[in-house]
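Trainee: Sequence and predicted structure are below.
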Number of protein chains: 2
Amino acid sequence: VDGRCVSVAYMEKIWHHDALWEEGNEEGYDAAHWNSSSQSHPPWLRFHLGISRWQLYDHKDPNLRQLEEQLAFSRIVSAVQKTGGTQLKLLMSFPNYGQALFKPMKQERNEETNHNLYYFSDFERHNAEIAAYHLDRILGFRRIPPVVGRLIDMVKEIKDITTDRKLARTFFTSPVGNTCFYGQCSYYCSTEHAVCGRPHVLEASLAVMLPDLSLAPRRSWRSPWRRSYSRSKLAQWENNAKYCESVKKSPPYSQGTRLVDLIDMAILDFLMSNMDRHHYETFEKFGNNTFLLHLDNGRAFGRHSKDEPSILAPLVQCCRIRRSTLLKLQLLALPQYRLSDVMRASLSRDPLTSIAPLLSEQHLTALDRRLVTVLKKLRRCQEQYNDSVIYNDIPGHLNFGL
Amino acid sequence: VDGRCVSVAYMEKIWHHDALWEEGNEEGYDAAHWNSSSQSHPPWLRFHLGISRWQLYDHKDPNLRQLEEQLAFSRIVSAVQKTGGTQLKLLMSFPNYGQALFKPMKQERNEETNHNLYYFSDFERHNAEIAAYHLDRILGFRRIPPVVGRLIDMVKEIKDITTDRKLARTFFTSPVGNTCFYGQCSYYCSTEHAVCGRPHVLEASLAVMLPDLSLAPRRSWRSPWRRSYSRSKLAQWENNAKYCESVKKSPPYSQGTRLVDLIDMAILDFLMSNMDRHHYETFEKFGNNTFLLHLDNGRAFGRHSKDEPSILAPLVQCCRIRRSTLLKLQLLALPQYRLSDVMRASLSRDPLTSIAPLLSEQHLTALDRRLVTVLKKLRRCQEQYNDSVIYNDIPGHLNFGL
C-alpha cells in the first residue's frame, strides 16, 4: 500500500513537473520551487524531481549524499537481468521503490586491459562506473547519474530473491567453493567468464536509475565522432581533418551549446580513456537545448600507461570549448587543486574504498598527465583561432576574462 | 616427385612393418631389425617406424634429437586448422612431408589458471605440451610424441602460406599493431580471445604427428576415472572408495599391464596437475597388450600453488604400481637426481628456453612436492597390502628387491 502511494505520488509529481519543465525551469534546479528536497520523498524521487534542463543535480544538492547512502546500504528486494547492451547487468530494487543498475567486478583494479583487445570487446569495469561519476561531478558537468560501490551477498541479495529464472539457472559453485554466475547476454556470459564472489561476496557498482522512459522519454544520438566498431574500417572523422566544418553546419550542432557539450564529453572521455562513446542521450522534453547524458562508462579507466589522443578529436578538430569548462580545467591543473588529489579525496567517500582504492595511483597520475595534454591542445587552438575558441557560457558580471 | 617417393616408400615400410608387428617385435624397438635409424629416411619417418608395442621411441634413440631439430627449425610449407577437440590448433607440414600439431601461446607462463574455472574450461598451454613430453620421458614412459617450442612468424609461416580460407579470414591487426588470429573452434575462438604475436612473432608448441590413422589406426578408451565434466555431478569413482574392485574385474583391466599403465598415467597427471584425462588411446594393431598414448596435455601445469589429490584416485583406490615406475620415482626423489633438477636440465634443451624458462621455478618445486605425495601414498599402500602392491615388470635377474 505504502509503495503504491509512493508510485502514485511520483506519477503526479512527474506530470506536474513535466508541465513546468515545458514552460520554464530553464535555469536549472530550484529546490524551493519543486520542493524536491522534501523529506517526505525518498532520495531517488528527489533526484528524479531535481533533474533540470542543464544538469542532473545541483552542485550543492544536499540529497546527493542521501541518495548515495541509499544505493550503498538500502536493502535489496529484487534483482533481475536488464536487457539491452552487450554485457551482464542487473536491475536492483529497494524497499522504497528506488532502483539501481548493478555491474559486477570482473577484474582486479590493477589489471590493465589487454592491449590487443579492441575497445569494443573490452570488459566493463565496476570501478570505472564509480570513478566516472566522481570525475564528471568534479569537472562540474553533473551529467552522470550517481553511482556507488557496494559489497553484495550474491546468495542472499541475488540468487535467493531473484524472480529471473534464466539468471538463477546460471549460478554455480566454482571448484574452490566460490559462488559464481554468468547470466545471459551477448558478450562474456559463459562459464569461462563467470562473475565469482569470495566466497559469495562480490564487489559491484550501483548506479541510480533515471526516471522511467514512459515518464521521461529520452532520445539517443549517434555521436558524430563515433568510432567504426570494425577492426579494419576507419570512421569519417579519422580521415578528414576538416570533419568538424561539416558537423558545425548540421543541426543540432549548428546552434546552441550542443557542439561544446559534445566537446565537454570528449574531454571527460579522454581523461578517463573511454573510447566507447558511440551514442549519447538527452531528455526528449527538453528538446535540443539541453545537457547530454554521459551514460555507460564501464569501459573507461582500462589503461593508465597509455593515452588515446584520438578521443580528443572533437576538441582538436573544432577548437571550441565552454569558458566554464576551461576555467575548471585550469583550476584542476593548479598544484593546490590537482585533479588527482581532488579525485582521490572524492573517491574516498565511496564505501568500497575501505576494501581498496577505487583507482590505483597510476590511474590518478594518468588523469593529471591527460589534463596537461588537454590544456596544451587548447593553447594551440587559441594560438590559431584567438577568441573564437571560447564559447562564453558565463554571465557577463562573472566574466573576468582569461 | 621427391615427395611422392617418400610417401610411397613410407607406405611400403609401414605395411611391411605392420606385418611384422603382427608377428613379433613384442619386446619393443629394434633399430638393427627395422633400420629405422637409416639416414635415408627423414626423422619423422624413422620416428614412425620406431614405434613399438611398448613405447613410442627407445630411451637411447639417436633420432630423437634430429626429430626435435626438424620440428624446431624445418621450414613450414603449409598450415591449416585441425578439426576435433575444442580449442584452436593447426596442422603444419614440412618440406620432407613431416607434420606437426601446432598450439599457440595464450597466456604468460607465470599466470596461474583462474581458480574459479573448471578443468573443462581451462585454456590449453603450449608450454604444458612441451613440459609434459619431457616429464613423460624422464619418468621412463615414452608415451608422449615429441614436442618442441618454436617462435613462429605468424605472417610468413601461417597467413601467407595457408590454403585454409576460414583460418585466413580470422587474421587481424590489434590496436597496438600486433598480428592476431582466432580461427574457428568451439571454445575461445573469438576476437576477445585472439592469439597475438609481438608484433607478428608467436611462441608455440609443435608436436610430431603420429602415423596417419589410415596406416596405424588407434582405439580411444574412456578412462574409468574420467571426471563428470559437469559442474554439479560427481563421477562414480568419486563416491565409491571400492570403485577399483570393479575395474580390476573388467577387461581389459583384468589382465596384463593395463591397470598399472593407467596408474602410471595418473601419476604423470598428478605430477603435472592435469585433470583433463577423459580418454586415452592405443594402437589398434597391438590389441590390448600395449602401452597407452598420453596425448593432449595442454591443460597440465595450470597451477603450481595447489595440488589436486583426486588425480591420484587410481593409485590410491587400486594400490598397484609397476616396479619400474616405483624405482624411477624413488630415484627422482633423491637429492642428486631431484625431479625438478632433471626437468630443468631437460627443458633447457628446448629452443624456447632462450626466451624464458618453459616452467617457472614454482612449477618445478611443485613437481618435487607432488612426487613426495605419490611416494607417501605408495608407502601407505604397502603398509596395507604388502607385496601385492608391486607389479613386477622387471626381468628376474634385474630384480634386486625393494
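Mentor: Happy to help now that I have it.
Trainee: Residues of chain A that sit close to chain B?
Mentor: Proximity of chain A to chain B, by Cβ under 8 Å from any Cβ of the partner chain, involves residues A:115-119, A:121, A:172-176, A:178, A:180, A:187-188, A:191-192, A:194, A:196, A:231-232. Just so you know, the C-beta spots here come from the backbone N, C-alpha and C atoms, and that holds for glycine as well.
Trainee: Which of these are buried, as a ChimeraX select command?
Mentor: Buried residues within these, by 16 or more other Cβ atoms under 10 Å in any protein chain shown, are selected in ChimeraX with:
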select /A:116,117,118,119,121,172,174,175,178,180,187,188,191,192,194,196,231
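Trainee: looking at it, A:Arg75 is touching A:Ser93, isn't it?
Mentor: No - contact criterion Cβ atoms under 8 Å: A:Arg75 and A:Ser93 do not qualify, at 9.8 Å.
Trainee: So for these two, which residue has more residues nearby?
Mentor: A:Ser93 (18 against 10; other Cβ atoms under 10 Å in any protein chain shown).
Trainee: where are the low-confidence patches of the stretch 1-150 of chain A?
Mentor: Across the stretch 1-150 of chain A, the ranges flagged by pLDDT under 70 are A:1-38.
Trainee: For whichever residue of it sits closest to chain B, which three-state class applies?
Mentor: Of all residues in the stretch 1-150 of chain A, A:Asn116 sits closest to chain B, at 3.8 Å by Cβ to the nearest Cβ. Secondary structure state of A:Asn116, per DSSP: H, G, I helix; E, B strand; the rest coil, is coil.
Trainee: Against A:Asn127, how distant is it?
Mentor: For A:Asn116, the distance to A:Asn127 equals 22 Å [Cβ to Cβ, to the nearest Å].
Trainee: Now the residue in chain A sticking out farthest from the centre. Nearest residue, chain neighbours left out?
Mentor: Taking Cα atoms, centre = their mean, the residue of chain A most remote from its mean C-alpha position is A:Pro175, at 35.6 Å. Spatially, and ignoring its direct neighbours in sequence, A:Pro175 is nearest to B:Tyr118 (5.9 Å; Cβ to Cβ, 6 or more residues apart in numbering or on different chains).
Trainee: Quick check: the residue of the stretch 251-400 of chain A nearest chain B.
Mentor: Closest point on the stretch 251-400 of chain A to chain B, by Cβ to the nearest Cβ, is A:Lys306, at 8.6 Å.
Trainee: in which helix or strand would I find that residue?
Mentor: Under DSSP states H and E, no helix or strand contains A:Lys306.
Trainee: tell me the contacts of it?
Mentor: A:Lys306 is in contact with A:115, A:273, counting by Cβ atoms under 8 Å, 6 or more residues apart in numbering or on different chains.
Trainee: picking up where we left off before, I'd assumed A:Thr191 was in contact with the residue nearest to A:Pro175.
Mentor: Yes - at 6.8 Å, B:Tyr118 counts as touching A:Thr191 under the criterion of Cβ under 8 Å.
Trainee: Identify the contacts common to those two.
Mentor: By Cβ under 8 Å, 6+ apart, the residues touching both B:Tyr118 and A:Thr191 are B:Arg231.
Trainee: coming back round to it: distance-wise, check the residue of the stretch 251-400 of chain A closest to chain B relative to A:Phe94.
Mentor: 39 Å.
Trainee: Kindly report the same for A:Leu135.
Mentor: With distances taken as Cβ to Cβ, A:Leu135 is found 26 Å from A:Phe94.
Trainee: and what of A:Thr179?
Mentor: Relative to A:Phe94, and taking Cβ to Cβ, A:Thr179 is found at 22 Å.
Trainee: And what about the residue nearest to A:Asn63 when sequence neighbours are not counted, helix, strand or coil?
Mentor: Residue nearest to A:Asn63 in three dimensions, not counting chain neighbours: A:Arg46, with 4.6 Å by Cβ to Cβ, 6+ apart. Following three-state DSSP, A:Arg46 is assigned to helix.
Trainee: cool, A:Arg370 as well?
Mentor: Secondary structure of A:Arg370, per three-state DSSP, is helix.
Trainee: Secondary structure element holding the nearest residue to it once chain neighbours are set aside?
Mentor: Using Cβ to Cβ, 6+ apart and skipping residues adjacent in sequence, the residue nearest A:Arg370 is A:Leu271, 5.0 Å away. A:Leu271 belongs to helix A:258-272 when elements are defined using DSSP H and E.
Trainee: can you tell me the average pLDDT over that helix?
Mentor: For helix A:258-272, mean pLDDT is 98.
Trainee: Quick check: what element follows that helix along the chain?
Mentor: That would be, after helix A:258-272 and using DSSP H and E, strand A:279-283.
Trainee: For that following strand, list every residue counted as buried.
Mentor: Residues of strand A:279-283 classed as buried: A:280-283 (neighbour count, 16+ other Cβ under 10 Å).
Trainee: ditto for stretch A:73-81
Mentor: Across stretch A:73-81, burial judged by 16+ other Cβ under 10 Å covers A:74, A:76, A:78-81.
Trainee: Report the buried residues of the helix holding A:Leu271.
Mentor: By neighbour count with 16+ other Cβ under 10 Å, helix A:258-272 contains the buried residues A:258-272.
Trainee: before we move on, what about stretch A:47-60?
Mentor: By 16+ other Cβ under 10 Å, the buried positions in stretch A:47-60 come out as A:47-58.
Trainee: what's the answer for stretch A:197-214, then?
Mentor: The neighbour-count check on stretch A:197-214 (16+ other Cβ under 10 Å) flags A:197, A:200, A:202-211 as buried.
Trainee: same thing with stretch A:228-248?
Mentor: In stretch A:228-248, counting by 16+ other Cβ under 10 Å, buried: A:231, A:235, A:237, A:243-244, A:247.
Trainee: which of those lies closest to B:Arg165?
Mentor: Top of the list for closeness to B:Arg165, among those and by Cβ to Cβ, is A:Arg231 at 17.6 Å.
Trainee: That closest one against B:Arg169, yeah?
Mentor: No - using Cβ under 8 Å, A:Arg231 is not in contact with B:Arg169; the gap is 11.7 Å.
Trainee: who touches stretch A:66-79?
Mentor: Stretch A:66-79 has contacts (Cβ under 8 Å, 6+ apart) with A:42-44, A:46-47, A:90-96, A:98, A:100, A:102, A:146-150, A:152, A:157-158, A:161-164, A:167, A:206-208, A:349, A:351.
Trainee: Return the subset of the residues you listed lying in strands.
Mentor: Members of the contacts of stretch A:66-79 lying in strands (criterion: DSSP state E): A:90-93, A:100, A:102, A:147-150, A:152, A:206-208.
Trainee: Greatest separation within those residues: which pair is it?
Mentor: Among these, the pair separated by the greatest distance (Cβ to Cβ) is A:Ser93 and A:Gly149, at 18.6 Å.
Trainee: Output the buried residues of stretch A:47-60 in TSV, with secondary structure appended to each entry.
Mentor: What follows is the buried residues of stretch A:47-60, written out as TSV (three-state DSSP):
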residue	secondary structure
A:Phe47	helix
A:His48	helix
A:Leu49	helix
A:Gly50	helix
A:Ile51	coil
A:Ser52	coil
A:Arg53	coil
A:Trp54	coil
A:Gln55	coil
A:Leu56	coil
A:Tyr57	coil
A:Asp58	coil
